[in-house]
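J.: Attaching a predicted model along with its sequence, questions to come.
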Amino acid sequence: MCSVQDEDGDIAVPRSAISADRVCMKCKDTKAVVVTRVNDALCRDCFIVYVVHKFRATIGKSHLIRDGEEILLAFSGGPCSSALLHLVQEGLSQRAHKRLRFKPSLVHIDEMGVLDLPSEEREKTNAAILDVLRGTGYPCYISSLEQALDLPDGSGEQKVGHCRPPCWNIDNGEGLENYNRAKHDKRLADVFKSIKSTTAKENYVRNLRNQLLTAIARRHSYSKVMLANTSTRLAIRILSDIGQGRGGQVSVDTCFADERHGDIMFVRPIREVTSKEVAMYNSLYRVEPVFVPTLTTQASRGASIDHLTECFVTGLQAEFPSTVSNITRTAGKLDSVVRTGTEDFCVLCQSPLDTNVGEASALRAVEFSDMLSKRGCDPGSTTSGCCGEGDGSCQSSKVNSLHNTDVIKALCYGCRLTVKDMTDVSQLPSHVTQEAASRISRLRMKEDIQDFLIDGDS
């Protein structure tokens, strides 16, 4: 089973060719209940062994999770995170053949603040999720996406007295009651109202979520965060990233271990399991996910690039079962880019910067076009507005404030597209603008003393 691979060139399987009376291809004596991969029929027990093996083999092959290590598991309440939680519970139970050795804790990030939902519906959904978390007996935390706006610096570390706590421990009397009484920051809703496209909104939500998970993990001394990304979701992310100019991030976005956040590692233990297999696993074990609406719930096919890509990949996967595996295996051959300095990463998504290109590149052509299209200010100015007459009376560049062009210099190409959809960069999280401002200050200081520096090549 370790060498199970989908065929590279499979053809569409007619539905009429799939019989309901087939016998399990593994044990040969039990009626099959599910067809996996191209046309492989498995019974209930063999299918569960098949999924559990994928999960455990993915963890085992990495050799990254140590015995007794405390792991933070991100639980959204959806089908994938519910399946991952159940796999962990089964792996830690007394009846498991080989018990898992790590110690899980759970965290839920409430992202419904970006939707125009009644507070009662939001609280009801959170109550259902917390019921699931409490039932596990593991340490549990809950936070909201609004908290990501108040992280004080680029490292994401929480400083007592500077902002609100990023999460509530529901095991220490800080549960749903205190969480519901907290004043939800309206700035998040205002930011999303100012962003034009749904694609930019989805990217912004993803970045805020990752930053908040990183901050919570640091605050409670976790070094790894488990994400419930299936192979289907990763295949969608690969094509979506390429379509949005994030091709250089494909490797870190889809590999097992995402180390772009420095001391916090994101791991994806069910990256070899498809969404179809997750749905069947939940059905066989009667795992009941909690429905949590998103930005594209009941949206049209072309509502966003992610949503359109999802429709394309899942539609193709239904006819050609090797679609997802071929996409993920191809992307798996790409090398991940690591940081080489303190300022070579994007302040928003923490990915390596991909904007250090030559003057004859397509990026420079786009930037030049944007500069020419601006009106009312000197094209060479780095400010977002001009108050002078071209005679030196402009004071905009002398004000110690952060402007769009300052932030854009500290962003990767994909995040630049997201920020361009915003009307004001001050709506970005405080730690993002602070890091961008620090870089600009260091750059200006370096320019001021450039004549006094010794060239390292001389």
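T.: Nice, I can see it.
J.: For the residue nearest to Tyr222 when sequence neighbours are not counted, name its beta-bridge partners.
T.: Once its chain neighbours are removed from consideration, Tyr222 has its nearest residue in Leu72; the separation is 4.2 Å (CB to CB, 6 or more residues apart in numbering). No exception for glycine: its C-beta is placed from N, CA and C like everyone else's. Leu72 has the following beta-bridge partners by DSSP bridges: Ser105, Val225.
J.: thought Leu72 was touching His108?
T.: No. Checked against CB atoms under 8 Å, the pair Leu72 and His108 is beyond contact range at 11.2 Å.
J.: Now for Arg237, how many residues are close by?
T.: 24 (other CB atoms under 10 Å).
J.: Sticking with the closest residue to it other than its chain neighbours, tell me its helix or strand.
T.: Spatially, and ignoring its direct neighbours in sequence, Arg237 is nearest to Asp253 (5.6 Å; CB to CB, 6+ apart). Per DSSP states H and E, Asp253 falls inside helix 250-254.
J.: What is that helix packed up against?
T.: Identification of packing neighbours for helix 250-254 by 3 or more CB pairs under 8 Å, 6 or more residues apart in numbering; DSSP states H and E yields helix 231-243, strand 257-261, helix 323-331.
J.: Now do the residue nearest to Arg237, the pLDDT please.
T.: According to the predicted model, the pLDDT of Asp253 comes to 87.
J.: got it, and Ser384?
T.: We note a pLDDT of 42 for Ser384 in this prediction.
J.: right, so of the helices and strands packed on helix 250-254, which gets closest to Leu411?
T.: Taking CB to CB as the criterion, Leu411 comes closest to strand 257-261 out of those, the separation being 14.3 Å.
J.: Send me that closest one as CSV with only the CA atoms.
T.: What follows is the C-alpha trace of strand 257-261 in CSV, where atoms were taken according to Å, rounded to 0.1, in the frame of the first residue of the first chain:
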residue,chain,number,x,y,z
ALA,A,257,6.1,21.3,6.0
ASP,A,258,5.7,25.0,5.4
GLU,A,259,8.6,26.8,7.2
ARG,A,260,8.1,30.3,5.8
HIS,A,261,7.1,31.6,9.3
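J.: Report how many residues lie close to the residue lying closest to Asp406 once chain neighbours are set aside.
T.: Spatial nearest neighbour of Asp406, chain neighbours left out: Ile440 (4.9 Å); criterion: CB to CB, 6+ apart. The local packing count at Ile440 equals 18, with neighbours defined by other CB under 10 Å.
J.: For Pro104, give me its contacts.
T.: Counting by CB atoms under 8 Å, 6 or more residues apart in numbering, Pro104 touches Glu70, Ile71, Leu72, Leu73, Val88, Leu92, Tyr138, Met226.
J.: Any figure for the gap between it and Asp131?
T.: As judged by CB to CB, to the nearest Å, Pro104 and Asp131 stand 18 Å apart.
J.: just Glu202 next, same as before
T.: Applying CB to CB to Glu202 and Asp131 gives a distance of 28 Å.
J.: still on that earlier bit, hmm, Leu239 and the residue nearest to Arg237 touching each other?
T.: No. Counting by CB under 8 Å, no contact exists between Asp253 and Leu239, whose distance comes to 11.4 Å.
J.: Looking at those two, which one has more neighbours?
T.: Asp253 (23 against 19).
J.: got a list of what the more buried one touches?
T.: With CB under 8 Å, 6+ apart as the criterion, the residues that contact Asp253 are Leu234, Arg237, Ile238, Asp241, Arg246.
J.: mind redoing it with 10 Å?
T.: Residues counted as contacts of Asp253 (CB atoms under 10 Å, 6 or more residues apart in numbering) are 206, 229, 234, 237-238, 240-241, 246, 260, 266, 268, 331, 336, 349, 351.
J.: Report the separation between it and Glu120.
T.: Taking CB to CB as the criterion, Asp253 is separated from Glu120 by 36 Å.
J.: sorry, back to before: of all the helices and strands packed on helix 250-254, which one is nearest Thr297?
T.: Taking CB to CB as the measure, the helices and strands packed on helix 250-254 were each checked against Thr297, and helix 231-243 came out nearest at 15.9 Å.
J.: Give me the angle between the closest one and helix 323-331.
T.: Relative orientation of helix 231-243 versus helix 323-331 (axes from the mean of the first three to the mean of the last three CA atoms, to 10 degrees): 60 degrees.
J.: Now helix 231-243: average pLDDT?
T.: The average of the pLDDT scores along helix 231-243 is 94.
J.: tell me which residues in that helix are buried?
T.: If you call a residue buried by 16 or more other CB atoms under 10 Å, then helix 231-243 has these buried ones: Ser231, Thr232, Arg233, Leu234, Ala235, Ile236, Arg237, Ile238, Leu239, Ser240, Asp241.
J.: ok, the closest residue in space to the second one that isn't next to it in sequence - how many residues close by?
T.: Put plainly, it is Thr232. Leaving out its chain neighbours, the residue that sits closest to Thr232 by CB to CB, 6+ apart is Ser275, at 3.9 Å. Ser275 has 21 neighbours, counted by other CB under 10 Å.
J.: contacting residues for the residue most central in space within the chain?
T.: The structure's the chain has its C-alpha centroid closest to Arg206; by CA atoms, centre = their mean the separation is 4.6 Å. By CB under 10 Å, 6+ apart, the contact list for Arg206 reads Glu111, Arg237, Asp253, Asp306, Cys349, Thr418.
J.: next one: Leu145
T.: Taking CB under 10 Å, 6+ apart as the contact definition, Leu145 lies against 109-114, 184-185, 188, 204-205, 208-209, 211-212.
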